[in-house]
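Peer 1: predicted model, plus sequence, below.
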Amino acid sequence: MNDETKKQIQERYERHLDKGERFWPDTIFKDLIMSLGIFVLLLLLATFIGVPAEPKADPSDTSYIPRPEWYFLFLFKFLALYGQLPLIGKIEWLATVLVPVIALGVLTLIPFIEKSPQRHYSKRGLSISIMTIMVIGIVLLTLMSEVPTVSEDGSTLLGTLQTIAGIFIPVIAYFLLFVFKSNNRLMVWTTSLVAVSMILISGTVLALAPEKKAEETEVATTLVDQIVAGQDLYSVHCVECHGDDGSVAIIAGVEGLEGEKITPINSRDVLYTITDSAMYEVIAYGRPNAGMIPFGKTYGGELSRSEIDYITIFMRYSWDDRFEAPEVPELFPPLAEGEVPSYDVHIQPIVKRYCISCHRAGKDNNNYLMTSYEEMLATGDNAANNIIAGDENSYVLQTIQEHPILDENGEEIISMMPPTNALKPNVVDVFIRWIMNGMPQTAEEAATLSVTPEATPAP
Amino acid sequence: MWKNIYLWLDERIGFNDLYANLLDRPEPKTTWWNTLGSASLFLFVMQGLTGIFLTVYYTPSPDHAYDSINYIMEGVAFGWLIRGIHHWGATLMVILVFIHMLRVFYTASFKYPRELTWLIGIGLFLATLGMGFTGYLLPWNQKSYWATVVGTQIAGTVPFIGEFTLKVLRGGPELSALTLQRFFSAHIWIIPAVLAALIGVHLFLIIKHGESHFPTKED
């Protein structure tokens, strides 16, 4: 660029300054309004959407599908599509290093690549077209990032469409643009057609994409929630051996561990000398020599890092006298006179705490599973007799009232339930009212069966 | 008395010069598209302020990071708001800086005499992404942990120096306490220092050359 052009540029700029505005107050005013708007937007986002709670990092959880931050998703998707290409798809670093480095390098050096002093859009057709296609590609790849390249039925249709929209069309377009670079009209047409076809194909991909399964991750954030979550987990995984108050010193009623001597885990010996992190290791690795199986996912168990933490928190706040427990809400809302309980509000939390420990897959339970409403009513060797609407001889009602089920010869076929500790009378009452009134599932169904108008079942 | 204080300060600082050089400048006609840069600066300041509040409670260790964030969200008065602003501010900042860059590109504002401003701007864009990348790991939850695993893995695919880069980023072959510690250090000291310095130069250049005008047919 020679001095003459530079002078021209300066003179033109001076002319625009003469027709322009003052930095203060005109320009600053707009800036401040914009910043204020953004501040308000931030407050709204922080208040009404907030930051979703996530479970604690668990390096041993290999089932977790890793995803980068959202603004790298397009690159992630690009890599996945690139990996599908024949031949060059195998050379990973071409896509992870070479392509991004070239793109970033061109972007950085653009003032030295596009050297002409001309600034108007009509004189910059090539670079504007390339940039536009690139930006559209980035946005579309980001939108498609959740769509798998291979569907569950093994079809690669979605992957092919994505590769066409995300890689093939743009590459062909860049090539065409270089061919047409002296003709603005052709470049505008190319860019528009390419943009429309990319958007249409991506739209098809998004429309065909399998619906995303809502991932259910229960994250307890408040102390009370953590204690409740811990107690539920404790009830499922620990109660069998340690008892519901952790006081068991000699295991009874557990196959293979009958009579095994253990330290009561609610004792000061345990709680005062084992720190939280040691407790984590004990639960995660177990005590194989003493009969305790590993519970952490790291060692083949079922519990995640967060879940073991909740159990520890529950133990501390329940039995460790150095911790002052907050007020924990009752397991289920107390019943009013004549009120009918529902599965959702009353039975489910009770079952989760007292029954699922044994009544889930893989345990010795006459095949009676209780993890959902349907299972409770329809599974088990005695499915026909377990729960019968309006019948107080239902096996469930008999056993929880400490009446074992006997066969014709007077032999016990089902012992009292739960096997060691009887349920509290108010819990038994919930079961009786629920079964005698036909086992309503939702709170609304239960409300229509209730005879007291003032009974207001919790939602 | 206020007047005397003002005069004393004015003698030493020179408010009139400041006013004339910084504020009372001519600009070409600007539109809302010209506010994106200052909006990014505003977000940088907001991120700095909320970030400083967060460091009061945050502990950069795998044992405590998650719980300290949980405490900020549940135990600290308005902690949820501070973290919410920091969280969403990061997202908005990446978007704004990117759109700002696109605006400069489409209006060809990077051309003479503003080439250096563009180069610094690219540095600012990369530093912003770096802030996002390092900050994402700090809550030490599943999402952030695994995002960092894949992010650093990509660095590991570089030919020849890949393995070395991976080890430098992670502080060893695996993601560990060291990774968290160095991401924290990068997030609150190294990258912000670079950002602040680059912002200073960027602003100086903008004041020196003025904002560019929207290109017309004659440009």
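Peer 2: Thanks, I have the structure now. Note that the coordinates shown come from a computational prediction; the quantities given were computed from them, not determined experimentally. Numbers count the residues shown, from 1 in each chain, chains lettered A, B, ... in the order given.
Peer 1: centre of the chain to the strand or helix carrying A:H16, how far?
Peer 2: Applying DSSP states H and E as the criterion places A:H16 in helix A:3-18. Put simply, helix A:3-18 sits 57 Å off its chain's centre (Cα atoms, centre = their mean, to the nearest Å).
Peer 1: what about it, average pLDDT?
Peer 2: Per-residue pLDDT values over helix A:3-18 give a mean of 92.
Peer 1: next one, pLDDT for the residue lying farthest from the centre of chain B please.
Peer 2: The C-alpha centroid of chain B is most remote from B:M1, which lies 40.9 Å away (Cα atoms, centre = their mean). Looking at B:M1, its pLDDT stands at 89.
Peer 1: ditto for A:E215
Peer 2: Looking at A:E215, its pLDDT reads 58.
Peer 1: next: the one 3 residues further on.
Peer 2: Each residue has a pLDDT score; the one for A:E218 is 69.
Peer 1: could you do the one 5 residues further on as well?
Peer 2: Confidence per residue is given as pLDDT, and for A:L223 that number is 87.
Peer 1: contact partners for the nearest residue to it once chain neighbours are set aside?
Peer 2: Using Cβ to Cβ, 6 or more residues apart in numbering or on different chains and skipping the chain neighbours, the partner closest in space to A:L223 is A:P326 (5.7 Å). (C-beta placed from N, C-alpha, C; glycine too.) By Cβ atoms under 8 Å, 6 or more residues apart in numbering or on different chains, the contact list for A:P326 reads A:223-224, A:227, A:317.
Peer 1: so where is chain A shaky, pLDDT-wise?
Peer 2: Along chain A, segments meeting pLDDT under 70 span A:213-218, A:420, A:452-459.
Peer 1: enumerate every residue touching the residue in chain B that chain A sits nearest to.
Peer 2: Residue nearest to chain A within chain B (Cβ to the nearest Cβ): B:G84, separated by 2.6 Å. Taking Cβ under 8 Å, 6+ apart as the contact definition, B:G84 lies against A:42, A:45-47, A:49-51.
Peer 1: please name the nearest non-neighbouring residue to A:F180.
Peer 2: Among residues not flanking A:F180 along the chain, A:L186 sits closest, at 4.0 Å (Cβ to Cβ, 6+ apart).
Peer 1: lowest-confidence helix or strand of chain B?
Peer 2: In chain B, no helix or strand scores lower on mean pLDDT, DSSP states H and E than helix B:15-18, which sits at a mean of 88.
Peer 1: show me how far that one is from its chain's centre.
Peer 2: For helix B:15-18, the distance to the chain centre is 29 Å (Cα atoms, centre = their mean).
Peer 1: quick check: A:R15 vs B:H209, distance?
Peer 2: For A:R15, the distance to B:H209 equals 16 Å [Cβ to Cβ, to the nearest Å].
Peer 1: typo on my end, it should be A:V179
Peer 2: Taking Cβ to Cβ, one finds A:V179 at 36 Å from B:H209.
Peer 1: thought A:T5 was touching A:P117?
Peer 2: Yes - with contact defined as Cβ atoms under 8 Å, A:T5 and A:P117 form a contacting pair (5.3 Å).
Peer 1: which one of the two is surrounded by more residues?
Peer 2: Neighbours per residue (other Cβ atoms under 10 Å in any protein chain shown) separate A:T5 from A:P117, with A:P117 holding more: 16 against 12.
Peer 1: now do the phi/psi pair for the more buried one.
Peer 2: phi -80, psi 0 (degrees, to the nearest 10).
Peer 1: ok, now A:G256?
Peer 2: Per-residue torsions, A:G256: phi 90, psi -20 (degrees, to the nearest 10).
Peer 1: in chain B, what residue spans correspond to strands?
Peer 2: Assigned by DSSP state E, chain B shows strands spanning B:26-27.
Peer 1: helices of that one, residue ranges please.
Peer 2: With DSSP state H as the criterion, chain B has helices at B:2-13, B:15-18, B:36-57, B:65-74, B:79-106, B:115-137, B:142-155, B:162-170, B:177-185, B:191-209.
Peer 1: report the angle between the fifth one and helix B:115-137.
Peer 2: Our comparison of helix B:79-106 with helix B:115-137, counting by axes from the mean of the first three to the mean of the last three Cα atoms, to 10 degrees, yields an angle of 150 degrees.
Peer 1: output the contacting helices and strands for the helix or strand following the helix holding A:H16.
Peer 2: Next helix or strand after helix A:3-18 toward the C-terminus (DSSP H and E): strand A:21-22. Helices and strands touching strand A:21-22, by 3 or more Cβ pairs under 8 Å, 6 or more residues apart in numbering or on different chains; DSSP states H and E, are strand B:26-27.
Peer 1: contacts only, for the residue of chain A found nearest chain B.
Peer 2: Closest to chain B within chain A is A:A46: 2.6 Å, counting by Cβ to the nearest Cβ. The contact partners of A:A46, by Cβ under 8 Å, 6+ apart, come to B:80-81, B:83-85, B:87-88.
Peer 1: what segments of the stretch 151-300 of chain A are helices?
Peer 2: A:157-163, A:169-179, A:184-208, A:223-237, A:239-242, A:268-273, A:276-285 (DSSP state H, counting those that start in this stretch).
Peer 1: quick one: those helices as a markdown table, columns for mean neighbour count too.
Peer 2: Compiled in a markdown table, those are given as follows (neighbours: other Cβ atoms under 10 Å in any protein chain shown):
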| stretch | mean neighbour count |
| --- | --- |
| helix A:157-163 | 19 |
| helix A:169-179 | 16 |
| helix A:184-208 | 16 |
| helix A:223-237 | 20 |
| helix A:239-242 | 20 |
| helix A:268-273 | 13 |
| helix A:276-285 | 16 |
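Peer 1: switch those helices over to a markdown table; also include distance to B:F110.
Peer 2: Shown next, in a markdown table, are those (distance: least, Cβ to Cβ, whole Å):
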| stretch | distance to B:F110 |
| --- | --- |
| helix A:157-163 | 33 |
| helix A:169-179 | 20 |
| helix A:184-208 | 21 |
| helix A:223-237 | 52 |
| helix A:239-242 | 68 |
| helix A:268-273 | 65 |
| helix A:276-285 | 53 |
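Peer 1: would you confirm that B:D219 contacts A:R119?
Peer 2: Yes - counting by Cβ under 8 Å, B:D219 does reach A:R119; the two are 4.0 Å apart.
Peer 1: joint contacts of these two?
Peer 2: What both B:D219 and A:R119 touch, as defined by Cβ under 8 Å, 6+ apart, is the set B:A108.
Peer 1: sweet, I'm off.
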